[in-house]
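Undergrad: Could you look at this predicted model? Sequence included:
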Amino acid sequence: MGAEARSFLLYPISMPSAPEVEELTIPATGEMTQLQAVRESMHLPTALVLYHYLYPDDVVSAIHFTELSTGLAAKGWRVVASSSNRSCRTERRKFARRSVWSGVEFHRIWRPPLAQASRFGRMVNTLWMIVAWSLLALNRSIRPDVLIVGTDPVLSPLISIVWKRLRPHVKLVHWCFDLYPEAAVADGLLREGSLLVRLFKNLMRSAYRNFNLIVDIGVCMRKRLMQYGFRAAAETIAPWALVELTTPAPIPVAERCELFGDSTLCLLYSGNFGRAHAWEGIPEIAEALHPAGARIVFSVRGNAVVELREALDRARVPIGCVAFAGAEGLIARLSAADIHIVSLRDEWTGTVVPSKFFGALAVGRPVLFVGRADSAISKWITQWEVGWVLDPSRSGKLAGELLQWSQSPEAKLRLFQHCHDVYRREFSREQAIDRWDKVLRALISQRDAPT
């Protein structure tokens with residue numbers, strides 16, 4: 001590709017077939033105890049990271065939390081990471097209960113082999129992990145200075161209620177990737193104002209009030225979180241791209257021709273396409289661009305792909321659909337386009353932030369965003385001048401701007417470089433881990449301060 005990549009946590013995303021029990025690097029019990037004693041004697045700050053799935057699982061959020069763990073370990077932290085012992089992809093596949101990898105001590109919790117795909121399985125798995133993590137507060141062999149918990153399984157922040165009472169000196173931190181029950185309401189699974197939603201919100205309000213720090217992934221999410229009235233400190237640290245290049249990616253000619261033919265302006269929607277993602281407005285911009293030789297292509301998978309294809313067929317617009325690109329072809333796929341399309345339905349604003357935005361900037365490509373003007377992505381695009389926000393009422397004018405930009409090779413290269421520079425400066429893994437290290441060290445330095 002001509003650009004060095006830091007890709008996928010340094011372990012392969014396409015995991016090979018494995019036996020039911022997977023053996024990792026597992027110290028004997030005595031060796032593990034000795035390792036803990038050595039690290040404690042060094043007086044390293046200790047972080048306990050809780051997430052449903054971690055290494056070697058390849059779920060995107062699991063990779064982020066694992067990279068957070070390994071990044072902190074590289075910064076001089078002792079990191080204990082606790083997850084389920086089950087694989088996300090295949091619940092019958094188990095991982096070792098104890099292991100050490102890249103400086104992180106993994107303590108995996110046994111749970112039943114119930115599928116996350118079933119409602120019953122999700123409910124039991126959620127309750128199981130919340131109870132197990134709450135009981136960890138009774139385990140005096142684990143003495144963290146700070147505890148970091150994510151949002152998988154949903155309602156995981158509820159463990160703060162127990163930890164605050166049993167371990168009042170441990171600083172509690174929540175990294176919020178998905179906001180519940182708001183996301184369930186946006187998805188139509190729960191009704192706003194219903195008894196169940198009110199119950200969940202009251203529970204989450206109680207949980208949030210126990211945290212010392214709540215880290216969101218965008219200002220629109222923070223706006224929703226602040227409605228809970230918590231007193232914790234607040235930070236915004238967005239999840240970085242899984243593939244990071246040292247320079248903007250050059251355009252792979254063969255991949256571009258396969259996707260777009262001889263089009264002069266190429267727009268790509270790549271990644272998952274679920275119920276949170278919008279397609280409205282994209283057919284109109286496709287119609288406006290097509291006469292000038294531009295082309296939009298979808299390369300997606302997800303639970304709303306069938307609905308998307310049906311909608312595009314009904315609209316009879318010149319939009320192409322190709323197979324989803326796996327890990328081995330991801331860099332070429334992302335690099336083939338001039339512009340990446342990212343979308344989010346209005347009702348989902350503030351509950352999630354699409355990771356496609358960071359992936360596009362990481363390879364040095366601008367973004368065309370379909371979503372609300374007050375979303376985090378819209379604000380970042382405006383603030384850093386890394387793309388365009390689609391207003392369906394002015395599709396024709398926007399199409400003209402895009403075509404004029406595409407006709408200047410120098411302008412394209414300048415924007416590619418600018419997007420990559422912005423990513424490296426504002427959103428890269430390196431800067432995110434640096435910020436985590438600083439805010440956590442500042443937090444534990446205030447150990448005796450009231451919350």
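TA: Yep, that arrived.

Undergrad: Could you report the neighbour count for the residue nearest to Val363 when sequence neighbours are not counted?
TA: Among residues not flanking Val363 along the chain, Ala249 sits closest, at 4.2 Å (C-beta to C-beta, 6 or more residues apart in numbering). Backbone N, C-alpha and C define where each C-beta goes, glycine included. Around Ala249 there are 22 other residues, counting by other C-beta atoms under 10 Å.

Undergrad: Same question for Leu199.
TA: 11.

Undergrad: which residues touch the strand or helix carrying it?
TA: Leu199 belongs to helix 195-208 when assigned by DSSP states H and E. Helix 195-208 is contacted by residues 155, 157-161, 174, 180-181, 184-185, 190-191, 214, 225, 228-230, 232 when judged by C-beta atoms under 8 Å, 6 or more residues apart in numbering.

Undergrad: just stretch 81-94 next, same as before
TA: With contacts defined as C-beta under 8 Å, 6+ apart, stretch 81-94 is touched by 15, 18, 20-22, 48-55, 57-59, 62, 65-66, 69, 95-97, 104-111, 113-116, 121, 125, 129, 133, 136.

Undergrad: my read: Asn125 touches Leu114, true?
TA: Yes: if you go by C-beta atoms under 8 Å, Asn125 and Leu114 touch, sitting 5.7 Å apart.

Undergrad: So if I had to pick from the two, which one is more boxed in?
TA: Taking neighbours as other C-beta under 10 Å, Asn125 and Leu114 compare with Asn125 leading, 23 against 16.

Undergrad: Can you name the residues that contact that one?
TA: Asn125 makes contacts with 52, 84, 111-112, 114, 116, 153, as judged by C-beta under 8 Å, 6+ apart.

Undergrad: Thr151 now?
TA: Counting by C-beta under 8 Å, 6+ apart, Thr151 has contacts 157, 174-180.

Undergrad: those strands in the stretch 1-150 of the chain, which residues are they?
TA: Secondary structure of the stretch 1-150 of the chain by DSSP state E, counting those that start in this stretch: the strands cover 5-7, 21-22, 46-50, 78-84, 94-95, 98-101, 104-109, 146-149.

Undergrad: can you check the stretch 301-450 of the chain too?
TA: Using DSSP E, counting those that start in this stretch, strands in the stretch 301-450 of the chain cover 319-322, 339-343, 367-370, 387-389.

Undergrad: same deal with the stretch 151-300 of the chain?
TA: Ranges of strands in the stretch 151-300 of the chain, per DSSP E, counting those that start in this stretch, are 171-175, 213-216, 233-236, 243-245, 265-272, 294-301.

Undergrad: I'd like those laid out as JSON lines, including distance to Val352 and mean neighbour count.
TA: Below are the strands of the stretch 151-300 of the chain laid out as JSON lines (distance: least, C-beta to C-beta, whole Å; neighbours: other C-beta atoms under 10 Å):
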{"stretch": "strand 171-175", "distance to Val352": "13", "mean neighbour count": "24"}
{"stretch": "strand 213-216", "distance to Val352": "11", "mean neighbour count": "23"}
{"stretch": "strand 233-236", "distance to Val352": "14", "mean neighbour count": "15"}
{"stretch": "strand 243-245", "distance to Val352": "20", "mean neighbour count": "22"}
{"stretch": "strand 265-272", "distance to Val352": "11", "mean neighbour count": "23"}
{"stretch": "strand 294-301", "distance to Val352": "16", "mean neighbour count": "22"}
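
Undergrad: would you turn those strands into a markdown table with distance to Arg205 and mean pLDDT?
TA: Formatted as a markdown table, the strands of the stretch 151-300 of the chain follow (distance: least, C-beta to C-beta, whole Å; pLDDT from 0 to 100):
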| stretch | distance to Arg205 | mean pLDDT |
| --- | --- | --- |
| strand 171-175 | 13 | 98 |
| strand 213-216 | 12 | 98 |
| strand 233-236 | 15 | 96 |
| strand 243-245 | 37 | 93 |
| strand 265-272 | 30 | 94 |
| strand 294-301 | 36 | 94 |
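
Undergrad: out of those strands, which comes closest to Ile282?
TA: Closest to Ile282 of these is strand 294-301 (C-beta to C-beta; 6.7 Å).

Undergrad: What strands line up against the closest one, and which way round?
TA: Strand pairing for strand 294-301, determined by DSSP bridges: strand 265-272 (parallel), strand 319-322 (parallel).

Undergrad: Any stretches of the stretch 1-150 of the chain with poor pLDDT?
TA: Residues of the stretch 1-150 of the chain meeting the criterion pLDDT under 70: 1-42.

Undergrad: how about the helices in it?
TA: Under the criterion DSSP state H, counting those that start in this stretch, helices of the stretch 1-150 of the chain are mapped to 29-41, 60-74, 119-135.

Undergrad: The second one packs against which elements?
TA: Going back to what we said before, that points to helix 60-74. Helices and strands touching helix 60-74, by 3 or more C-beta pairs under 8 Å, 6 or more residues apart in numbering; DSSP states H and E, are strand 46-50, strand 78-84, strand 104-109, helix 429-445.

Undergrad: circling back: between the strands paired with strand 294-301, which one is nearest to Glu258?
TA: So among the strands paired with strand 294-301, strand 319-322 is nearest, using C-beta to C-beta, at 8.1 Å.

Undergrad: chain center to the closest one: distance?
TA: Distance, stretch centre to chain centre, for strand 319-322: 26 Å (C-alpha atoms, centre = their mean, to the nearest Å).

Undergrad: who touches it?
TA: Here strand 319-322 has contacts from 259-260, 282-283, 286, 295-300, 309, 312, using C-beta under 8 Å, 6+ apart.

Undergrad: at 7 Å instead, please
TA: The contact list for strand 319-322 (C-beta atoms under 7 Å, 6 or more residues apart in numbering) reads 259, 283, 286, 295-299, 309, 312.

Undergrad: For Glu426, give me its contacts.
TA: Trp384.

Undergrad: That one and Arg414: what is the separation?
TA: As judged by C-beta to C-beta, to the nearest Å, Glu426 and Arg414 stand 18 Å apart.

Undergrad: now Arg108
TA: Distance of Arg108 to Arg414, given as C-beta to C-beta: 48 Å.

Undergrad: How about Glu284?
TA: 28 Å.
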